[in-house]
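> Coordinates for the following, if possible.
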Amino acid sequence: MIISVINKKGGVGKTSFSFSIAKDLDLFLQSNDSSIIEQIYPNKAKISASPQLLDNCVFDFGGFVDRGILDIIKESDFVIVPCTTIYNSILRTIETILEIKKVNLNIIVLITDWTSENDKIYTLEMLESNFTDLDFYFFKRSKILENSMKTGASFKELTEESGLTRMSYAVFYKEYQRLLNTLKGN
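Numbers count the residues shown, from 1 in each chain. Sure thing, here's the model as predicted:
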């Protein structure tokens with residue numbers, strides 16, 4: 001399985017989702033962007049300016065699309081594009097998807113960090129007005145992204161820590177489980 005996570009816009013949750021998906025599905029993780037993944041996912045993560053195509057891998061691509069990245073995206077089973085509700089994020093997401101669609105149509109959009117139903121709906125409507133054939137997942141603002149990077153625990157591990165975390169992350173984790181089921185083909 002090859003999964004690429006990309007958006008030209010930074011700060012949308014690419015690394016947090018890439019890391020958690022890789023860890024929860026027991027996949028390798030590669031990135032072309034400077035981050036802490038090698039420290040929090042030792043022996044299973046690598047940062048390289050030119051990531052190499054590798055099976056059973058999640059690729060966390062920084063905010064640009066070049067030839068080598070497009071080659072990996074072309075071979076990906078899924079391309080995940082996280083997007084926040086900020087207008088510039090929506091525009092950069094549209095730009096990213098337009099480039100990706102040239103080589104891979106199996107695109108999943110994560111609407112992340114939304115705080116109000118209106119913002120979520122606005123973002124969805126903006127994206128659907130440009131693309132009618134995408135799958136969408138919705139992740140309300142949650143400390144789980146930050147906590148995952150701080151602790152080196154995946155979303156699943158954080159959620160299952162205690163009764164309190166199960167309750168705190170319940171809505172986020174339900175949607176994350178739906179995403180994992182899609183990626184696993186369930």
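
> just for the protein, where's the confidence low?
For the chain, the stretches with pLDDT under 70 are 63-66.

> any idea which element the closest residue in space to K9 that isn't next to it in sequence lies in?
Leaving aside its chain neighbours, K9 sits nearest to R92 (3.6 Å; criterion: Cβ to Cβ, 6 or more residues apart in numbering). (C-beta placed from N, C-alpha, C; glycine too.) Assessed by DSSP states H and E, R92 sits inside helix 87-100.

> For L110, give its distance to I47.
Here the criterion is Cβ to Cβ, to the nearest Å. By it, L110 lies 22 Å from I47.

> Regarding this structure, what is its longest strand?
Across the chain, the strand with the greatest residue count (assigned by DSSP state E) is strand 107-114.

> gap between that strand and the chain center?
Relative to its chain's centre, strand 107-114 lies at 8 Å (Cα atoms, centre = their mean, to the nearest Å).

> if we can go back for a sec, next one: the helix holding R92 to chain centre, how far?
14 Å.

> Show me what that helix is packed up against.
strand 78-83, strand 107-114, helix 117-128 (3 or more Cβ pairs under 8 Å, 6 or more residues apart in numbering; DSSP states H and E).

> how about the ones you listed in TSV, adding mean neighbour count and distance to L98?
As requested, the helices and strands packed on helix 87-100 are arranged in TSV below (neighbours: other Cβ atoms under 10 Å; distance: least, Cβ to Cβ, whole Å):
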stretch	mean neighbour count	distance to L98
strand 78-83	25	11
strand 107-114	23	11
helix 117-128	15	12
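
> got JSON lines for these, with distance to L179 too?
JSON lines is the format used below for the helices and strands packed on helix 87-100 (distance: least, Cβ to Cβ, whole Å):
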{"stretch": "strand 78-83", "distance to L179": "8"}
{"stretch": "strand 107-114", "distance to L179": "7"}
{"stretch": "helix 117-128", "distance to L179": "16"}
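
> For F61, find the nearest of the ones you listed.
Among the helices and strands packed on helix 87-100, strand 78-83 comes nearest to F61, with 9.6 Å by Cβ to Cβ.

> helices and strands around the closest one, which ones?
strand 2-6, helix 14-24, helix 87-100, strand 107-114.

> Make CSV out of the ones you listed and add distance to I72.
Shown next, in CSV, are the helices and strands packed on strand 78-83 (distance: least, Cβ to Cβ, whole Å):
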stretch, distance to I72
strand 2-6, 6
helix 14-24, 13
helix 87-100, 11
strand 107-114, 14
